[in-house]
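A.B. asks: Give me the fold of what follows.
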Amino acid sequence: MIKSPPQSRWASVRAAYGGGDLSRLLDESKLTTEAVQFYAGCVILALTQLHSLEIVYRDLKPENILLTAQGWPVLT
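C.D. replies: Numbering: from 1, shown residues only. Here you go, the predicted structure:
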């Protein structure tokens, strides 16, 4: 059985990336077509890499995509 990390540890991971999550970005602003293509492409590349390693990512949702301070998406 895999234990989930304590909530405080999760908060520190989120803070380390500094850009918030994709959900917040979607709520706060209207994204341009180019921004949507960028985020979708990055997520597709990440999922393709995980698939090549035979890893199944089952919880894809905007809240689980963190953004670095530079704006790069990171699957969590």
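
A.B. asks: Can you pull out the low-pLDDT segments for the protein?
C.D. replies: The chain contains residues with pLDDT under 70 at 1-19.

A.B. asks: need the helices for it, in chain order.
C.D. replies: Applying DSSP state H to the chain gives helices spanning 7-17, 22-28, 33-52.

A.B. asks: Only the buried residues of the shortest one, if you could.
C.D. replies: If I follow you right, that is helix 22-28. The neighbour-count check on helix 22-28 (16 or more other C-beta atoms under 10 Å) flags 22, 25 as buried. Backbone N, C-alpha and C define where each C-beta goes, glycine included.

A.B. asks: what helices or strands is that helix leaning on?
C.D. replies: strand 65-68 (3 or more C-beta pairs under 8 Å, 6 or more residues apart in numbering; DSSP states H and E).

A.B. asks: what pairs with the strand it packs on, and is each one parallel or antiparallel?
C.D. replies: Partner strands and pairing direction for strand 65-68 (DSSP bridges) are strand 18-21 (antiparallel), strand 73-75 (antiparallel).

A.B. asks: thinking again about what came up before, would you list the helices of the chain in TSV and tack on distance to Thr68?
C.D. replies: As requested, those are exported to TSV (distance: least, C-beta to C-beta, whole Å):
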stretch	distance to Thr68
helix 7-17	5
helix 22-28	12
helix 33-52	11
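
A.B. asks: of all those, which lies closest to Arg58?
C.D. replies: For Arg58, the closest of the helices of the chain is helix 33-52, at 10.7 Å, according to C-beta to C-beta.
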